[in-house]
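> Fold the following for me, if possible:
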Amino acid sequence: MPYSFTQIEKDKSKVIGFVFAFLISLYFLTAWVIYFAVKFYVLLDSLQEEWAYSSTVNPLADLISIEETLLIFLIATFCGFIHWFVIITNLVPKILRSVGAQELDPKDSYHQMFQNIIEEVSIATGGKKIRGVVAPTMAMNAFAVADFEGRATIGITEGLLSRLSRAQIEAVVGHEAAHIVSGDCLSTTVISSLFGLYTDMLSGMQRMMFSGGSRGRGRGQGVVLIVFVILQLANLMASIMRMFIFRQREFRADAIAVRLTRDPLALAGALYTISRRWRGSGVGGEYLEAIFMMNPKFSRLDENTGFFSDLFSTHPPVKKRLDVLLNMAHAETSALEEEFSKQKLKPRQIPSEMSVAQTPLAGRASEWIIYKDGQWLGPYGLEQLTGLGWLQPDSWIKQVGGERVTHAFEDQQLSKVFKQGSSVDQVSCPKCQTALSQFPYEGLSILKCPYCLGILVKSDDIFKILSREEIGLSENIQKIANGLEKELATRRSRWNDKVQKINTVQLLTCPVCRNAAVKMVRMFYSDAYRIEIDKCVFCDNNWFDKDEIEVLQYLVEKMTQTNPGG
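Below you'll find the model as predicted:
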């Protein structure tokens with residue numbers, strides 16, 4: 001008999017009912033134990049005197065009456081209801097904020113491919129409305145969440161979107177859609193959220209305590225200890241709650257995904273690649289591991305079988321899932337290993353550099369000489385200058401018959417060459433003062449100067465670029481990056497001088513804000529990747545000079561290939 005919609009609703013209601021009853025029971029048991037312990041401690045002296053003259057000693061009956069127990073149960077039930085409704089209110093938006101998920105960018109070709117896949121899978125599942133989001137992390141994972149309002153969302157990370165093939169992404173989306181249509185997504189979302197907040201708070205407190213941030217004396221230290229114990233108890237409750245999340249649901253979702261895509265090898269390849277990469281440990285939302293396709297944290301419990309693993313682990317062993325899928329595809333593990341190795345060797349296109357505009361402009365018969373490579377060249381007429389491939393807006397020029405030496409973009413006639421097609425609404429290069437052009441790069445449309453080849457990019461888009469490996473990197477880029485790494489490793493003290501230099505260079509005006517009084521901040525991209533960038537703290541745009549974004553890409557890719565788990 002097929003797994004019908006009626007059976008799905010019945011199982012979903014049963015699990016939710018059990019979870020709610022279990023939550024009330026936990027509140028009641030915790031409150032009852034605390035009340036008993038406090039009352040026993042307060043009345044200990046009087047009870048000892050009473051028990052000294054009594055032949056029958058019953059601590060429970062002497063300390064807690066039936067009326068008190070009933071009152072504790074009512075209070076626990078009230079607290080449980082409050083906890084429940086606080087958690088389920090706006091459940092999906094809260095989880096998406098926790099994992100840092102963002103809306104899909106309609107201008108991003110990778111995001112649009114993901115949206116198309118969701119629409120295709122939605123049709124295949126009977127028209128279920130599913131929303132797609134992307135988590136800005138290089139980790140590889142996917143998740144699905146749902147709430148009582150009927151909102152269903154599938155999210156994938158930028159790392160997964162960038163590194164898997166379309167067929168593999170289709171399989172991943174099919175797997176997550178299976179959780180939604182089978183009904184287990186709602187119960188998993190609710191169960192994961194009930195004590196997830198407290199688990200996250202516990203992790204933060206542990207970091208604070210171990211770093212010495214909570215060292216203190218007296219009552220303050222006691223309060224911290226009490227809070228820590230309460231959070232530990234909540235963490236224990238979260239662990240117990242996991243027994244309501246059956247790891248077998250992943251096998252069922254895998255089977256439904258294969259039925260939808262008819263490609264078990266694609267799903268097997270996706271699972272194999274995710275298991276060999278960083279899955280998100282240390283990133284926000286990892287305490288919600290049950291909603292993810294694979295546990296962000298490596299857990300030995302997940303990779304084992306047996307009573308305790310089946311009871312408390314939310315994910316089955318990866319090897320077991322792969323064996324089932326490979327059996328469907330009549331393939332061996334070696335096929336996955338070969339495909340994984342090929343991913344590192346996939347061909348990548350080298351972007352062509354944009355060059356100076358070649359269209360000559362009419363003007364009066366003037367001539368200029370240009371300073372290049374330590375000498376003055378020319379004279380050149382206007383048409384000759386516009387045909388030079390090496391003329392830059394910041395090139396030093398002097399008009400024949402004149403005395404003033406200026407940059408090319410400062411000359412009234414030559415400035416028109418660099419500003420062809422520009423308007424007030426266009427964004428201009430902060431160095432050349434010429435209009436930036438739209439340029440396709442790693443599935444995005446970025447702003448690039450056709451002369452100095454610098455680019456302007458949002459912080460979120462930087463992350464997308466670093467996650468993707470579509471564009472190849474030339475030998476020159478690799479040479480620059482390796483030289484930078486060597487300098488950082490062998491002459492670290494020189495970076496202090498570098499910082500001083502950054503603080504004293506001429507700061508750029510943000511081409512988007514266009515406020516000459518507020519300059520962009522000259523800084524390193526990060527301590528790990530010391531590429532100099534100019535950042536606007538107001539509009540979050542970043543300026544990279546020529547080759548800087550490519551060098552940063554190479555350094556990040558080299559790090560992830562050397563240490564794929566981190």
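
> Run through the residues that contact residue 141.
Contacts here follow Cβ atoms under 8 Å, 6 or more residues apart in numbering; on that basis residue 141 touches 135, 156, 157, 159, 160, 274, 279, 280, 292, 293, 294, 296. C-betas here are computed from N, CA, C, even on glycine.

> Among those residues, find the lowest-pLDDT one for me.
Across the set of these, residue 280 stands lowest in pLDDT, at 76.

> Test my guess that it contacts residue 137.
Yes: because the distance of 6.3 Å satisfies Cβ atoms under 8 Å, residue 280 is recorded as touching residue 137.

> quick one: buried residues of the helix or strand harbouring residue 121?
Under the criterion of DSSP states H and E, residue 121 resides in helix 109-124. Residues of helix 109-124 classed as buried by neighbour count (16 or more other Cβ atoms under 10 Å): 110, 111, 114, 115, 117, 118, 121, 122.

> related to what we said a few turns ago, tell me which of residue 280 and residue 137 has more neighbours.
A count of neighbours by other Cβ atoms under 10 Å puts residue 280 above the other of residue 280 and residue 137, at 27 against 23.

> Contact partners for the more buried one?
The contact partners of residue 280, taken as Cβ under 8 Å, 6+ apart, are 137, 139, 140, 141, 157, 286, 292, 296.

> can you check residue 427 too?
Under the criterion of Cβ under 8 Å, 6+ apart, the neighbours of residue 427 are 435, 436, 447, 456, 511, 512.

> so where's the stretch 101-250 of the chain uncertain?
Applying pLDDT under 70 to the predicted model, the residue ranges of the stretch 101-250 of the chain that meet it are 195-245.

> Show me where it has its strands.
102-103, 131-135, 142-146, 152-157 (DSSP state E, counting those that start in this stretch).

> And the contacts of the shortest one?
When contacts are taken as Cβ under 8 Å, 6+ apart, the neighbours of strand 102-103 outside the stretch itself are 133, 134, 135, 136, 460.

> now the longest one
Contacts of strand 152-157 from elsewhere in the structure, counted by Cβ under 8 Å, 6+ apart, are 92, 96, 99, 101, 114, 118, 128-146, 169, 172-173, 176-177, 180, 185, 280.

> what about residue 166, distance to residue 439?
Between residue 166 and residue 439 the computed distance is 24 Å (Cβ to Cβ, to the nearest Å).

> Which of the two has more residues huddled nearby?
Neighbours per residue, other Cβ under 10 Å: of residue 166 and residue 439, the larger number sits with residue 439, 16 against 12.

> Show the contacting residues for the residue lying closest to that one once chain neighbours are set aside.
Leaving aside its chain neighbours, residue 439 sits nearest to residue 448 (4.0 Å; criterion: Cβ to Cβ, 6 or more residues apart in numbering). When the contact criterion is Cβ under 8 Å, 6+ apart, the partners of residue 448 are 354, 436, 437, 438, 439, 441, 454, 455, 456.

> out of the residues you listed, which are inside strands?
In strands, judged by DSSP state E, the following of those are found: 437, 438, 439, 441, 455, 456.

> neighbours around the fourth one, how many?
Burial of residue 441 is recorded as 20 neighbouring residues (other Cβ under 10 Å).

> just to revisit the earlier point, could you say what helices and strands the helix holding residue 121 packs with?
Helices and strands in packing contact with helix 109-124 are listed as strand 131-135, helix 158-163, helix 166-182; criterion 3 or more Cβ pairs under 8 Å, 6 or more residues apart in numbering; DSSP states H and E.

> Would you mind getting the angle between the last one and strand 131-135?
Angle of helix 166-182 versus strand 131-135, following axes from the mean of the first three to the mean of the last three Cα atoms, to 10 degrees, is 120 degrees.

> Give me the buried positions along helix 166-182.
Applying 16+ other Cβ under 10 Å to helix 166-182 flags 167-182 as buried.

> Equivalent analysis for stretch 326-345, please.
In stretch 326-345, counting by 16+ other Cβ under 10 Å, buried: 326, 328, 329, 331, 336, 339.

> Same list (these) but as TSV, adding pLDDT.
Supplementary listing: those in TSV, determined by pLDDT from 0 to 100:
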residue	pLDDT
326	91
328	90
329	86
331	83
336	79
339	73
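
> Among the residues you listed, which pair sits farthest apart?
With Cβ to Cβ as the measure, no two of those lie farther apart than 328 and 339, at 16.3 Å.

> follow-up on the earlier one: and the residue nearest to residue 439, backbone torsions?
Recorded main-chain torsions at residue 448 are phi -130, psi 140, according to degrees, to the nearest 10.

> and what of the one 10 residues further on?
Taking degrees, to the nearest 10, you get phi -70, psi 150 for the backbone angles of residue 458.

> what sits against it?
For residue 458, the contact set (Cβ under 8 Å, 6+ apart) comprises 540, 541, 542.

> try residue 536
With contact set as Cβ under 8 Å, 6+ apart, residue 536 has these partners: 510, 512, 513, 520, 521, 542.

> do the same with residue 398
If you count contacts by Cβ under 8 Å, 6+ apart, then residue 398 has 368, 369, 371, 376, 404, 405, 406 around it.

> My guess is residue 99 contacts residue 134. True?
No: counting by Cβ under 8 Å, residue 99 sits too far from residue 134 to count as a contact (10.4 Å).

> Helix, strand or coil: sort out residue 560 for me.
When the structure is reduced to helix, strand and coil (DSSP: H, G, I helix; E, B strand; the rest coil), residue 560 reads as helix.

> repeat for residue 275
Taking three-state DSSP as the rule, one finds residue 275 in the helix state.
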